[in-house]
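*Asks:* next come a sequence and a model predicted from it.
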Amino acid sequence: MYRDWRLAAAIAVATLSGHAIAEDSLEERLALAESRLASLEKQGNNEDRVQINGFLTFAMEKTNRTEDAAGNGLYYQGVVGNEDWNLDRLTRAGVQINSKISDDAEAVVQILGRANEDFSAEVQWAYVSYDINSSLTARAGRLMLPFYLHSQYTQVGYAYPWIDLPGEMYSVIPLDTMEGMDLTWNFNTGNVAHSINAFWGGMDVLSQGSLFEVRNQHGINIRSNLGNWTGWYSYTNSEVSIDLSDALLGLTAFNMDHHYAYFTGLGLQYDNGSLFVMGERGRLDLSTPANWFPTLDSAYITAGYRIGKFTPHLTWATIEHNSISDVDLSVAGGTGGFLFQQFGDHQKSWTAGLRYDLTPGISLKAEVATYYDFDDSDYKSNGLFSDPVTPTNLAGPDTEDPTVYRFAVESVF
């Protein structure tokens with residue numbers, strides 16, 4: 001019966017193509033029909049092999065009047081003030097394309113556009129993955145940085161409760177991609193599912209106007225799931241270089257050439273579908289001349305509850321640094337202390353938020369974040385606030401409890 005169907009199709013296609021029966025043999029017409037049918041099947045398969053998904057965030061944020069003791073205006077993340085609503089910092093859109101190359105191989109490209117960059121297209125992800133077997137996968141290209149519990153979807157705001165990921169934790173390394181390769185092994189031990197990921201690569205990180213060149217970055221992360229529980233651990237070792245000669249008027253004493261950096265992260269999450277509680281803790285340590293770069297410890301804990309379409313949530317977060325007394329102030333007139341203060345963020349915050357799921361794929365969000373405790377025993381930090389006119393001004397907020405208000409529409413499609 002199958003052969004009869006192919007024969008009928010062959011005759012029909014041959015007739016439509018204008019080939020005379022008298023001129024062509026039955027075998028030739030059948031071969032032509034099979035070729036054209038195979039082409040049509042291939043086109044259908046290509047449509048199945050390519051998947052396109054997207055995400056979009058429109059967000060607006062504004063502060064109360066935040067100043068230092070001298071009356072200079074301080075802006076959250078250097079751009080969010082009290083004069084007008086900032087519509088650019090968190091607004092973004094992206095498209096992800098997954099294309100099956102074969103049953104075992106896939107290419108993934110994610111394109112991201114940010115409002116503060118005029119939505120210039122940026123390739124966020126671009127890698128090829130290959131399933132070595134059912135539990136082992138290798139990837140190479142531009143990959144996400146696997147430092148945090150939510151690293152896999154930092155740009156997809158719909159995937160988490162906040163409008164802005166806790167800055168005390170997620171701004172420590174202000175980048176979320178690297179060029180490199182990794183290997184992921186998925187396996188079970190009893191009822192616990194594990195995913196172990198080992199990676200190697202490099203990236204360039206721009207922070208406080210200085211470019212950190214990160215090379216030979218290698219590490220491991222482990223994610224484990226048991227019922228409603230998820231655990232996370234990550235460890236990264238890197239070689240970091242930076243030239244501060246221009247920033248410090250030719251002074252080279254604090255330059256770095258393949259110095260070592262370490263990052264360790266721990267995360268734990270409980271989610272039973274209604275109640276969720278999660279938290280992370282991280283430490284960044286960088287070996288620098290005269291110990292000018294601070295050791296940064298950050299953490300947060302979030303609790304929330306889904307009530308129908310509403311999800312209220314509350315987050316406490318902190319970032320602290322080691323003592324400035326660890327800096328060798330005898331080098332270059334104590335300039336290391338100045339550098340330490342530029343990178344030594346110190347603050348705590350409370351964030352109260354509400355999410356409303358308008359329809360599957362669209363959520364509305366609102367949150368209020370209050371920041372405090374910018375002081376330590378050595379100096380007053382600006383935390384994640386700064387004076388855009390004089391970024392090196394570290395007088396610290398004089399306003400009681402600086403506050404940031406945010407509203408957003410998040411979507412996946």
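*Replies:* Right, received. Where do you want to start?

*Asks:* give the contact list for the closest residue to Met169 other than its chain neighbours.
*Replies:* Leaving aside its sequence neighbours, Met169 sits nearest to Ser298 (CB to CB, 6 or more residues apart in numbering; 4.7 Å). (C-beta placed from N, C-alpha, C; glycine too.) Shown in contact with Ser298 (CB atoms under 8 Å, 6 or more residues apart in numbering): 168-169, 172, 281-283, 317-320.

*Asks:* again, only using 7 Å
*Replies:* Counting by CB atoms under 7 Å, 6 or more residues apart in numbering, Ser298 touches 168-169, 172, 282, 318-319.

*Asks:* Gln347 too?
*Replies:* By CB under 7 Å, 6+ apart, Gln347 lies in contact with 168, 319, 371, 373-374, 381, 383-384.

*Asks:* out of those, list just those in strands.
*Replies:* Mapping the contacts of Gln347 onto strands (DSSP state E) picks out 319, 371.

*Asks:* just the contacts of Gln347 now: which is nearest Leu211?
*Replies:* Within the contacts of Gln347, the smallest distance to Leu211 is 20.5 Å, found for Leu384 (CB to CB).

*Asks:* count the neighbours of the nearest residue to that closest one once chain neighbours are set aside for me.
*Replies:* Leaving aside its sequence neighbours, Leu384 sits nearest to Gly167 (CB to CB, 6+ apart; 5.2 Å). Neighbour count for Gly167, taken as other CB atoms under 10 Å: 25.

*Asks:* was I right about Gly167 contacting Tyr371?
*Replies:* No: counting by CB atoms under 7 Å, Gly167 does not reach Tyr371; the two are 9.2 Å apart.

*Asks:* before we move on, the earlier item: PyMOL command for the buried members of the contacts of Gln347?
*Replies:* Buried residues among those (16 or more other CB atoms under 10 Å), as a PyMOL selection:
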select buried, resi 168+319+371+374+381+383+384
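
*Asks:* just the contacts of Gln347 now: which is nearest Leu90?
*Replies:* Leu384 (13.9 Å).

*Asks:* give the contact list for the closest one.
*Replies:* By CB under 7 Å, 6+ apart, the contact list for Leu384 reads 76-77, 167, 171, 345, 347.

*Asks:* ok so, going back, pull up the gap between the residue nearest to Leu384 and Asn322, please.
*Replies:* Distance check for Gly167 against Asn322: by CB to CB, to the nearest Å, it reads 20 Å.

*Asks:* kindly report the same for Ala115.
*Replies:* The spacing between Ala115 and Asn322, counted by CB to CB, is 36 Å.

*Asks:* which residues in the stretch 301-413 of the chain form strands?
*Replies:* Assigned by DSSP state E, counting those that start in this stretch, the stretch 301-413 of the chain shows strands spanning 310-321, 347-359, 362-372, 385-386, 403-412.

*Asks:* tilt between the second one and strand 310-321?
*Replies:* I take that to be strand 347-359. The directions of strand 347-359 and strand 310-321 differ by 160 degrees, with axes from the mean of the first three to the mean of the last three CA atoms, to 10 degrees as the criterion.

*Asks:* now swap in the third one and tell me
*Replies:* Computed by the same axes, to 10 degrees, the angle separating strand 362-372 from strand 310-321 equals 40 degrees.

*Asks:* picking that back up, what's the helix or strand for the residue nearest to Met169?
*Replies:* Assessed by DSSP states H and E, Ser298 sits inside strand 296-305.
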